[in-house]
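Chemist: I'd like to go over a predicted model; first the sequence, then the structure.
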Amino acid sequence: MNDDDLLDRIRALHRELDTGMRADWNRSLPLDELLFDRWERARSLGFGAGASIYQSALVYGEVHAGEKTWIGPFVLLDGSGGGIEVGSFVSISAGVQIYTHDTVRWALSGGTAAFECAPVRIGDCTYVGAQSVIAKGVTIGDHVVIGACSFVNRDIPPYSVAAGVPARVIGRVVMDEGGIRLEYGES
């Protein structure tokens, strides 16, 4: 088989898989997402039962995730500077970046200062909005909402809603007999 024949077969496979995905789930995905199973990838990384991680997500260093955690497309989990611990029932939206090190002082010093490293922890039942960045050394508590496009460079306490650049607490998560609600501003 020559290269052109192989490419034609790959394109035909993509069309077939894409047609099935659109029929079953009303989605069109790139070939790698159609070929590989998100749940199998999570299992191979040692994540908890029922966790999933998209093929386009990058994983460096020590990264652990609990059960039923969802890690979306184009996420960067850089646990190379101290490890990342993600709880159970966490949703990490598309394009989120989580770092456990930075090279600011290294760059400013012309390479004489060391990289700065610190682990990141994200508690259970937490939502991290799309395109957010979480810096080294941050702990995010349980039942937290991080708004989209936020820069989290400090700890966020449990049952908080945080957003912005840099992120700050702007509300709270209330869970009671009436259900779950988000309250903002003065309470």
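Modeler: Cool, got the structure. Numbering: from 1, shown residues only.

Chemist: can you give me the buried ones in the longest helix seen in the chain?
Modeler: Ranked by residue count and defined by DSSP state H, the top helix of the chain is helix 3-25. Applying a neighbour-count criterion of 16 or more other C-beta atoms under 10 Å, one finds Asp18 buried in helix 3-25. Backbone N, C-alpha and C define where each C-beta goes, glycine included.

Chemist: what are the contacting residues of that helix?
Modeler: Residues outside helix 3-25 that contact it (C-beta atoms under 8 Å, 6 or more residues apart in numbering): Met1, Arg27, Ser28, Leu29, Leu31, Leu34, Leu35.

Chemist: which SSE is immediately downstream of that helix?
Modeler: Once the chain leaves helix 3-25, the next helix or strand it forms, by DSSP states H and E, is helix 31-35.

Chemist: pull the CA atoms of that next one into PDB?
Modeler: This file holds the C-alpha atoms of helix 31-35, laid out as PDB (Å, rounded to 0.1, in the frame of the first residue of the first chain):
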ATOM      1  CA  LEU A  31      -9.900  11.700  14.500                       C
ATOM      2  CA  ASP A  32      -7.800  11.100  17.700                       C
ATOM      3  CA  GLU A  33     -10.900  11.700  19.900                       C
ATOM      4  CA  LEU A  34     -12.900   9.200  17.800                       C
ATOM      5  CA  LEU A  35     -10.200   6.600  17.900                       C
END
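
Chemist: can you name the next helix or strand after the helix or strand of the chain with the lowest mean pLDDT?
Modeler: Across the helices and strands of the chain, mean confidence by mean pLDDT, DSSP states H and E is lowest for helix 31-35: a mean of 88. Sequence order places helix 38-44 as the next helix or strand after helix 31-35, per DSSP H and E.

Chemist: dihedrals phi and psi, the residue nearest the centre of the chain?
Modeler: Centroid-nearest residue in the chain, with C-alpha atoms, centre = their mean: Ile92, separated by 3.6 Å. Dihedral pair for Ile92: phi -110, psi 110, per degrees, to the nearest 10.
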